[in-house]
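Enquirer: Output the structure for:
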Amino acid sequence: NNTTTTTTTTTHMRSTTPSRAMMGVHQLWCHKNHRGKNIATQLVNAARLKLIYGMTIPQHLIALSSPTEGGILFAKNYTGLE
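Expert: Predicted coordinates for the structure are as follows:
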């Protein structure tokens, strides 16, 4: 079955169709006083670089599970995708 299903939640959509990923981010949080300082970006970049020895995981192979509104904004900014 190759049907793609999406669900709408407040202001964003997410796919319910599984996709390929090499790295999953379950939780990523930064105190509100330290947001906007690229801390989350640095953490995800470090994980991409160090998770598999000798390889940097491509951004398009990262999955974020159940992100908050802030997490969705981070993901869009990080990947450059809408």
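Enquirer: where along this protein do the helices fall?
Expert: Under the criterion DSSP state H, the chain carries helices at the ranges 39-50, 69-79.
Enquirer: Please identify which of the ones you listed is closest to Leu28.
Expert: Closest to Leu28 of these, according to CB to CB: helix 39-50, at 5.5 Å. From N, CA and C alone the C-beta is placed, and that goes for glycine too.
Enquirer: Check which helices and strands the closest one is in contact with.
Expert: Judged by 3 or more CB pairs under 8 Å, 6 or more residues apart in numbering; DSSP states H and E, helix 39-50 is in contact with strand 23-25, helix 69-79.
Enquirer: May I see the buried residues of the first one?
Expert: Same thing as strand 23-25. For strand 23-25, burial by neighbour count (16 or more other CB atoms under 10 Å) applies to Met23, Val25.
Enquirer: Check Thr79 and give its pLDDT.
Expert: Listed pLDDT for Thr79 reads 83.
Enquirer: who touches it in this structure?
Expert: Going by CB atoms under 8 Å, 6 or more residues apart in numbering, Thr79 touches Gln59, His60, Ile62.
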